[in-house]
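Participant: pasted the sequence and its predicted model underneath.
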Amino acid sequence: MKLSAFKFDLPLELIAQYPAEVRDEARLMVVHRDTGEIEHKVFKDIVDYFDEGDAMVVNDTKVFPARLYGNKEKTGAQIEVFLLRELNQEMHLWDVLVDPARKIRVGNKLYFGDGELVAEVIDNTTSRGRTIRFLYDGENEEFYKIIDSLGETPLPKYIKRKVEPDDRERFQTIYAKNVGAVAAPTAGLHFTPQVMKRMEIKGVHMPSITLHVGLGTFRSVDVEDLTKHKMDSENFAISKETENIVNSSLDNKKRVCSIGTTSMRALESSVSANGRLKANEGWTDKFIFPPYEFKICNALVTNFHLPQSTLLMMACAFGGYELIMHAYETAVKEKYKFFSYGDAMLII
């Protein structure tokens, strides 16, 4: 398929600037693949679509405050450093993006806070990418605490407002535990303890995987021929316990639902020869777009995504191109909220 096939008109006012006041009261569009029916619900109604023995796979990655503001030595010019991933814990080496990039050269020193952290630029990686080394001698735990206190919640640039204290909690799922993501796995933002408890009472399993969401998830596609687009690699891990739960649901012909496109990428990167999930850890750069045959999941929860995004492409691959593009037209008409803090879609 071509990139232009995923264009649609999205009024800017439909890009959510804030989350729903109560997580599980965001809207939920339910799309039925077999009949093409579209229902309009609220997120807490999701419990009605699942039964005993079904599995809902969540991504338990935790967002860290990846956006730092600092100053360049000598000139004092303000710079933004976006921490992408830690390359070497002992040496405090990180892959980062810098802005404005033209001012940041190899050998420059960058100061954060009141000089609590100092970093040196070691290498150029891409036009905006750099490798930096934090010059820090203390314990790792203390280092991460400083990052946590100086860093800002990394809201996507589509959210055109300043970061607020509430964002630290709201741009995080309630079950987040493994630190490493620079963006939230947004489909999971709608879950509340109440919804999870109701699932548990019904006998629905909620196994977890970890995929540390990188900025590549949101990187725009700039080639018309989708086979030429390369996804950034993201680190993931799937446990033996999750393997067993998911495969038991599959063997019993139950529903296996991926909570988000991030969980789906990890699951589809870990399929055994007989079409079952296998425990696995490593890196995935899997890019899913139509046509694609999904091996593990038969249901997907995902937010409403931006035109021509890889996330929309995966939703179309799962739900069927015509049906999902029609659902998006409906979403625009019905004024659903889009993107990270927006509403949700359940495709079954």
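Facilitator: Structure's in. What do you need?
Participant: list the contacts of stretch 162-176.
Facilitator: 19, 23, 58-63, 65, 152-155, 184-185, 188-189, 191-193, 196, 208, 340-341 (C-beta atoms under 8 Å, 6 or more residues apart in numbering). Any C-beta I mention is one placed from the backbone N, CA and C, and that applies to glycine too.
Participant: checking my notes, E39 in a helix, right?
Facilitator: No - the assignment for E39 is strand, going by DSSP: H, G, I helix; E, B strand; the rest coil, so no helix is present there.
Participant: element containing the closest residue to it other than its chain neighbours?
Facilitator: Spatial nearest neighbour of E39, chain neighbours left out: V30 (4.1 Å); criterion: C-beta to C-beta, 6 or more residues apart in numbering. In this assignment (DSSP states H and E), V30 forms part of strand 27-31.
Participant: buried residues in that strand?
Facilitator: The neighbour-count check on strand 27-31 (16 or more other C-beta atoms under 10 Å) flags R27, L28, M29, V30, V31 as buried.
Participant: tell me the strands beside the longest strand along the chain, with direction?
Facilitator: Secondary structure assigned by DSSP state E gives strand 78-88 as the longest strand of the chain. Paired strands of strand 78-88, with direction, are strand 67-72 (antiparallel), strand 93-99 (antiparallel) (DSSP bridges).
Participant: name the residues that touch the last one?
Facilitator: Under the criterion C-beta under 8 Å, 6+ apart, residues 79-87, 104, 119, 122, 125, 128-134, 215 lie in contact with strand 93-99.
Participant: could you turn the buried ones of these into a PyMOL selection?
Facilitator: Here is the PyMOL selection string for the buried members of those, based on 16+ other C-beta under 10 Å:
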select buried, resi 79+81+82+83+84+85+86+104+119+122+130+131+132+133+134+215
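Participant: can you give the domain ranges for this protein?
Facilitator: 3-63+169-347, 67-150 (automatic domain parsing).
Participant: the last one: end-to-end distance?
Facilitator: Taking C-alpha to C-alpha, to the nearest Å, the first and last residues of domain 67-150 lie 9 Å apart.
Participant: and that domain, how far out from the chain's middle?
Facilitator: 23 Å (C-alpha atoms, centre = their mean, to the nearest Å).
Participant: before we move on, back to that, hmm, who's touching the strand holding V30?
Facilitator: Identification of contacts with strand 27-31 by C-beta under 8 Å, 6+ apart yields 20, 37-43, 45-46, 49, 190, 319, 323-324, 327, 330-331, 336-337, 343-348.
Participant: one more: stretch 328-337?
Facilitator: With C-beta under 8 Å, 6+ apart, stretch 328-337 has contacts from 8-11, 14-16, 20, 26-27, 29, 38, 40, 304, 312, 338, 342-343, 345.
Participant: how about stretch 277-290?
Facilitator: 1, 211, 226, 229-240, 242-243, 246-247, 250, 264-272, 296, 310, 313-314, 316-317, 321.
Participant: quick revisit: so in terms of bridging, what pairs with the residue nearest to E39?
Facilitator: Beta bridges link V30 to E39, L346 when assigned by DSSP bridges.
Participant: look up how far K240 lies from it.
Facilitator: Counting by C-beta to C-beta, to the nearest Å, the separation of V30 from K240 is 32 Å.
Participant: what of D48?
Facilitator: Taken as C-beta to C-beta, the span from D48 to K240 is 31 Å.
Participant: excluding its backbone neighbours, what's nearest K44?
Facilitator: Setting aside the residues directly before and after it, K44 is nearest to D24 in space (C-beta to C-beta, 6+ apart), at 4.2 Å.
Participant: check contacts around that neighbour.
Facilitator: V42, F43, K44, H190, F191, T192, Q194, V195.
Participant: could you tell me which of these belong to helices?
Facilitator: Judged by DSSP state H, the subset of the contacts of D24 located in helices is Q194, V195.
Participant: of the contacts of D24, which is the most crowded?
Facilitator: Per-residue neighbour counts (other C-beta atoms under 10 Å) across the contacts of D24 peak at H190, which has 28 neighbours.
Participant: residues in contact with I38?
Facilitator: I38 neighbours (C-beta under 8 Å, 6+ apart): M29, V30, V31, H32, H326, A327, T330.
Participant: burial measure for the residue lying closest to the fourth one once chain neighbours are set aside, as a count.
Facilitator: Using C-beta to C-beta, 6+ apart and skipping the chain neighbours, the partner closest in space to H32 is I348 (6.1 Å). Other residues within reach of I348 by the criterion other C-beta under 10 Å amount to 16.
Participant: going forward, the N-terminal residue is numbered 22.
Facilitator: Shifting the count to begin at 22 puts that one at I369.
Participant: surely I369 is in contact with I67?
Facilitator: No - look at I369 against I67 with C-beta atoms under 8 Å: they stay out of range, at 10.2 Å.
Participant: that older thread, of the contacts of stretch 298-311, just the buried ones, PyMOL syntax please.
Facilitator: Typed into PyMOL, the line below selects the buried ones among the contacts of stretch 298-311, using 16+ other C-beta under 10 Å:
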select buried, resi 22+232+247+250+252+255+256+257+258+259+263+264+267+268+271+285+286+287+288+289+290+291+317+331+334+335+337+338+342
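Participant: buried stuff in stretch 293-308?
Facilitator: Neighbour count says stretch 293-308 has L298, N301, T305, K307, F308 buried, by 16+ other C-beta under 10 Å.
Participant: make JSON lines out of these and add secondary structure and distance to V119.
Facilitator: Converted to JSON lines, these look like this (DSSP: H, G, I helix; E, B strand; the rest coil; distance: C-beta to C-beta, whole Å):
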{"residue": "L298", "secondary structure": "strand", "distance to V119": "39"}
{"residue": "N301", "secondary structure": "strand", "distance to V119": "33"}
{"residue": "T305", "secondary structure": "strand", "distance to V119": "26"}
{"residue": "K307", "secondary structure": "coil", "distance to V119": "28"}
{"residue": "F308", "secondary structure": "coil", "distance to V119": "26"}
